[in-house]
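[1] Fold the following for me, if possible:
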Amino acid sequence: MKVLITGGTGLVGSRLAEILLDAGHEVALLSRAPERSGRVRSFAWNPAAATIDEAAVPFADAIVNLAGSNVGEGKWTDARKRDILASRLDGLALLHRELAKPGHHVHTLVSASAVGRYGDAGDAVLTETAPLGPPDDFLAQVVRQWEEATAPIAALGLRVVLPRIGVVLSTEGGALLQMARPVKLGAGAPLGSGKQWISWIHREDLCRLLLAMLENPAWRGPYNAVATYPTTNEAFTEVLAATLHRPLLLPHVPAFGLKLALGEMSAIVLASQRVSNAKVLAQGFQFEYPDLKAALEALYAQA
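    You can find the predicted model right below:
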C-alpha cells in the first residue's frame with residue numbers, strides 16, 4: 001500500500017512512517033519544505049495557501065492526516081486559537097478538493113482526532129457515543145469541527161477512520177517531557193486536585209493502531225485511541241516519580257494558580273477524561289502497553 005502522511009515529521013508521524021516501511025508499505029509525506037530522506041519521498045503543500053503538488057494524492061492508496069499545530073504551545077490568544085483551528089481545517093479542505101478530482105485511487109483516510117472532544121467529564125467513563133463537551137470548551141469545539149471536516153471526504157465514498165487520541169507518551173517529545181521535567185528536578189507535584197483522569201497511549205501502540213486502521217477495512221468511524229487503563233493526574237505523577245527514582249515532596253499545584261498562569265489553556269491539564277477503549281479492543285487490537293507502569297518503565301529503559 002502507498003501511504004501519504006500529513007504531519008509526518010512530528011512525534012507520531014515520524015515513527016508511523018518507520019513502522020509502515022518495516023511492514024512493507026511505501027510512504028510519502030506532505031510537507032511545506034519537502035525533501036527526500038532515505039526511503040521516504042515528500043510532496044509540497046501549503047494548506048493556508050490551498051496549494052499542493054498535483055502528484056501527491058495520485059501517489060497514494062491511503063492518507064493518514066496528522067496535521068495540526070500543538071495546542072500546548074503558546075497562550076490561547078484569539079490569534080493562537082484561530083491558528084489551532086485553521087491548522088486542522090485547512091489541510092482537510094485541501095485534501096477534499098483534491099480527492100474530489102478524478103484520477104486517484106485513494107480508498108482510505110485515517111484522520112487524527114482527540115479525546116479533548118469530550119470536555120471536562122469528571123469520573124464518567126467515556127465511550128465514542130459520549131456527548132460533546134460544552135459550547136464554551138474551546139478544545140471540544142475544535143475537535144468537533146476537525147471531525148466534521150472529514151464528512152465531505154466520506155461523502156466521496158472513502159473509508160474514513162477517526163482515532164480520538166489521548167496523551168501520547170514518548171521520551172522523544174510531547175507531554176511526557178514536560179511532565180517529567182519538574183519530577184527530575186525533585187519539584188514534581190500533582191496538578192489541581194490530582195483527581196482528574198488522564199487517558200494516555202504509548203506512541204508505539206498508537207502507531208500500531210494506526211497501521212491496523214489502514215490495513216483492515218473493518219475499521220470505520222471514531223475510535224478512542226487510548227490505553228486500557230487511564231489514571232488520575234495524582235497517580236500518574238506518583239508512577240512517573242517512582243520510575244525516575246525521584247521523591248515527591250511538594251503539595252499539589254493549586255488549580256487557581258494554574259488558571260492564573262495559563263488562562264483558558266489550563267484546561268489541558270485540569271480537564272478530566274476517563275476514556276474507554278472497549279471499541280478498539282472489540283476489533284481485536286492488542287495493546288503492548290495497557291498500563292502506565294509498564295509503559296513508563298519501557299520508555300525510560302529505552303531512553
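[2] for residue 45, what are its contacts?
    Remark: with contacts taken as Cβ atoms under 8 Å, 6 or more residues apart in numbering, residue 45 is in contact with 6, 30-32, 51-53, 56, 91, 94. For glycine as for every other residue, the C-beta is placed from the backbone atoms N, C-alpha and C.
[3] meant to ask about residue 196, not that
    Residue 196 makes contacts with 120, 232-233, 269-272, as judged by Cβ under 8 Å, 6+ apart.
[4] What of residue 97?
    Neighbouring residues of residue 97 by Cβ under 8 Å, 6+ apart: residue 50.
[5] returning to that earlier point: quick check: the farthest pair among the contacts of residue 196?
    The most widely separated members of the contacts of residue 196, counting by Cβ to Cβ, are 120 and 232 (13.8 Å).
[6] With just CA atoms, put stretch 290-303 into PDB.
    What follows is the C-alpha trace of stretch 290-303 in PDB, where atoms were taken according to Å, rounded to 0.1, in the frame of the first residue of the first chain:
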ATOM      1  CA  PRO A 290      -2.100  -1.300  28.500                       C
ATOM      2  CA  ASP A 291      -1.000   0.000  32.000                       C
ATOM      3  CA  LEU A 292       1.100   3.100  32.900                       C
ATOM      4  CA  LYS A 293       3.800   1.500  35.000                       C
ATOM      5  CA  ALA A 294       4.900  -0.900  32.200                       C
ATOM      6  CA  ALA A 295       4.700   1.900  29.600                       C
ATOM      7  CA  LEU A 296       6.900   4.300  31.500                       C
ATOM      8  CA  GLU A 297       9.400   1.600  32.500                       C
ATOM      9  CA  ALA A 298       9.700   0.600  28.900                       C
ATOM     10  CA  LEU A 299      10.100   4.200  27.700                       C
ATOM     11  CA  TYR A 300      12.800   5.100  30.200                       C
ATOM     12  CA  ALA A 301      14.600   1.800  29.800                       C
ATOM     13  CA  GLN A 302      14.900   2.600  26.100                       C
ATOM     14  CA  ALA A 303      15.900   6.200  26.800                       C
END
